[in-house]
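# Just need the structure, nothing else, for what follows:
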Amino acid sequence: MSQAKPKRSNARVLWPVVLLVLGMFGFGFALVPLYDVFCELTGLNGKVKTEAQAEAGFKPDETRWVTVEFVTTVNGTMPLSFRAETTKIKVHPGQYYTVRFYGANQSTKPLVGRAIPSIAPGWATQFLVKTECFCFSEQTFEPKKEKEMPVRFVIDPKIPETVADLTLSYTFFDITDKK
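Next up is the predicted model:
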């Protein structure tokens, strides 16, 4: 009789622990989609849409200016020099602009890269409309050659008037080996 009591108390502890472990495992799998939903709802993380949008007929607000700064980086040791033709541009909300970016392969082998965009402040993502961007697809860089890559965009005139500056950054990742 004395042995039945410890088995029962062990079972009482074991099942809640097993359920807790299974719950934690399930929560771990759910974290990524939950994070994506959270970022989409709050505008955090500055995730920018990665598909082209049709040009809309915005009415330019020529009474205001928004400064857009462009930041370019290359992830890791990818042998690519990457730059924007200009680091800052003043734009009227509602007017379309095109900025050219340049990537030059410094190696003797072809490179394939993917640019990941982000915007700061993150909640302003909803006001940036891109109709053309090199970030929408993979980019192939021939050995020792430079490539021009345009970005055509407009800032939605509905952007709050308190916004005077945006930073649009692109980070190139080397995906050559994955091809």
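# in the lowest-mean-pLDDT helix or strand in the chain, what counts as buried?
The helix or strand of the chain with the lowest confidence, counting by mean pLDDT, DSSP states H and E, is helix 4-42 at a mean of 77. Within helix 4-42, not a single residue qualifies as buried, counting by 16 or more other C-beta atoms under 10 Å. (C-beta placed from N, C-alpha, C; glycine too.)
# per-residue confidence for residue 59?
Residue 59 is assigned 89 on the pLDDT scale.
# next one: residue 146
Listed pLDDT for residue 146 reads 96.
# if I look at it, how far off is residue 101?
With distances taken as C-beta to C-beta, to the nearest Å, residue 146 is found 11 Å from residue 101.
# ok, now residue 30?
37 Å.
# Counting by contacts, list what the least confident helix or strand of the chain packs against.
Counting contacts by 3 or more C-beta pairs under 8 Å, 6 or more residues apart in numbering; DSSP states H and E, helix 4-42 packs against no other helix or strand.
# Please pull up the helix or strand immediately following that helix.
strand 66-74 (DSSP states H and E).
# Adjacent strands (with direction) for the next helix or strand after that next one?
Once strand 66-74 ends, the next helix or strand along the chain (criterion: DSSP H and E) is strand 80-84. Note on strand 80-84: by DSSP bridges, its sheet partners are strand 97-105 (antiparallel).
# tell me which residues in the partner strand are buried?
Buried-residue list, strand 97-105, by 16+ other C-beta under 10 Å: 99, 101, 103, 105.
# between those residues, which is nearest residue 167?
Nearest to residue 167 among the buried residues of strand 97-105, counting by C-beta to C-beta, is residue 99 at 13.3 Å.
# just checking, the closest one touches residue 84?
Yes: between residue 99 and residue 84 there is a contact under C-beta atoms under 8 Å: 6.1 Å.
# what touches both of these two?
residue 70 (C-beta atoms under 8 Å, 6 or more residues apart in numbering).
# any idea how far residue 113 is from residue 80?
Counting by C-beta to C-beta, the gap from residue 113 to residue 80 is 6 Å.
# what touches both of these two?
Joint contacts of residue 113 and residue 80 (C-beta under 8 Å, 6+ apart) are 103, 141, 172, 174.
# want to try JSON lines for these, with secondary structure, pLDDT and distance to residue 118 as columns?
Formatted as JSON lines, these follow (DSSP: H, G, I helix; E, B strand; the rest coil; pLDDT from 0 to 100; distance: C-beta to C-beta, whole Å):
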{"residue": "103", "secondary structure": "strand", "pLDDT": "96", "distance to residue 118": "18"}
{"residue": "141", "secondary structure": "strand", "pLDDT": "96", "distance to residue 118": "22"}
{"residue": "172", "secondary structure": "strand", "pLDDT": "94", "distance to residue 118": "13"}
{"residue": "174", "secondary structure": "strand", "pLDDT": "93", "distance to residue 118": "18"}
